[in-house]
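J.: The sequence and its predicted three-dimensional model are supplied below.
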Amino acid sequence: MSPRDPLPRRTERLTLRRLSRDDLSAFQAYRLDPVVGEYQGWSPMSDDQALSFLHEMNGAAALAPGEWFQIGIADRRSNTLIGDIGVCVSGNGLEAEIGFALGRPHQGQGLAREAVGEAIGLIFDATDVQRVVAVTDARNDPARKLLSTLGMAHIGEHQAMFRGEPCVEHTFALARKRRERRSPDEGAA
Ligand SMILES: CC(C)(COP(=O)(O)OP(=O)(O)OC[C@H]1O[C@@H](n2cnc3c(N)ncnc32)[C@H](O)[C@@H]1OP(=O)(O)O)[C@@H](O)C(=O)NCCC(=O)NCCS
């Protein structure tokens, strides 16, 4: 990758890194789990589709405006993939939307907080983005809790359709300035 590639990036327990074709079985283990996918915008992929997605993300430009870029969350010691974070920087480069998923065996340990917090730091460090946003289904308590824990403010709700059913979506946002005002021991927020 180019010398400016913002990945990999490490935390105490995790490595944020590029996805690769070697991640196929670990990737499918959580991407095919209906509980993990319940409120996700993506749908399960066949192994062939997943391989080509992993390959595409391995070589994609990181954080290019207007494109979703998927970051792998790996166990720092084993380098095994345990989840991923999607980032889409807006066309004008000023806002980024994030989405995230962690395999069920890795939930409930603060690992999503560690990973998503680091990813927010990466976005602010590597781009001119002024605000990071996330949209989550109102019923997705773990995601809403995580976003609040990261210091993201609940800025709105709207009616939406998800897989043919009406739902309410909550939008959370964190401004670069607000993050900079918070102390380092409060994590990424
Ligand atoms: C959303 C999701 C990533 C949250 O994962 P998570 O593991 O619950 O989130 P966190 O990393 O913040 O972990 C918080 C839990 O770990 C516990 N924990 C344990 N050790 C911890 C530590 N060292 N630090 C912080 N929390 C810790 C917390 O007490 C909390 O438990 P609780 O929920 O019982 O109160 C996960 O539920 C998921 O992947 N869901 C499916 C995909 C999805 O819906 N994504 C959202 C799309 S917008």
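T.: Right, received. Where do you want to start? Numbers count the residues shown, from 1 in each chain.
J.: all helices for the protein, in order.
T.: Ranges of helices in the chain, per DSSP state H, are 24-31, 34-37, 47-59, 111-126, 141-149, 176-181.
J.: As a markdown table, these with distance to the ligand, mean neighbour count and mean pLDDT would be great.
T.: All C-beta atoms are positioned from the backbone trio N, CA, C, and that covers glycine. A markdown table is the format used below for those (distance: least, C-beta to the nearest ligand atom, whole Å; neighbours: other C-beta atoms under 10 Å; pLDDT from 0 to 100):
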| stretch | distance to the ligand | mean neighbour count | mean pLDDT |
| --- | --- | --- | --- |
| helix 24-31 | 8 | 18 | 98 |
| helix 34-37 | 5 | 12 | 96 |
| helix 47-59 | 17 | 15 | 98 |
| helix 111-126 | 3 | 21 | 98 |
| helix 141-149 | 3 | 17 | 98 |
| helix 176-181 | 17 | 13 | 84 |
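J.: Let me see the contact set for the residue most central in space within the chain.
T.: Centroid-nearest residue in the chain: Ile85, 2.4 Å away (criterion: C-alpha atoms, centre = their mean). Neighbouring residues of Ile85 by C-beta atoms under 8 Å, 6 or more residues apart in numbering: Leu16, Gln70, Ile71, Ile73, Ile98, Gly99, Phe100, Ala115, Val116, Ala119.
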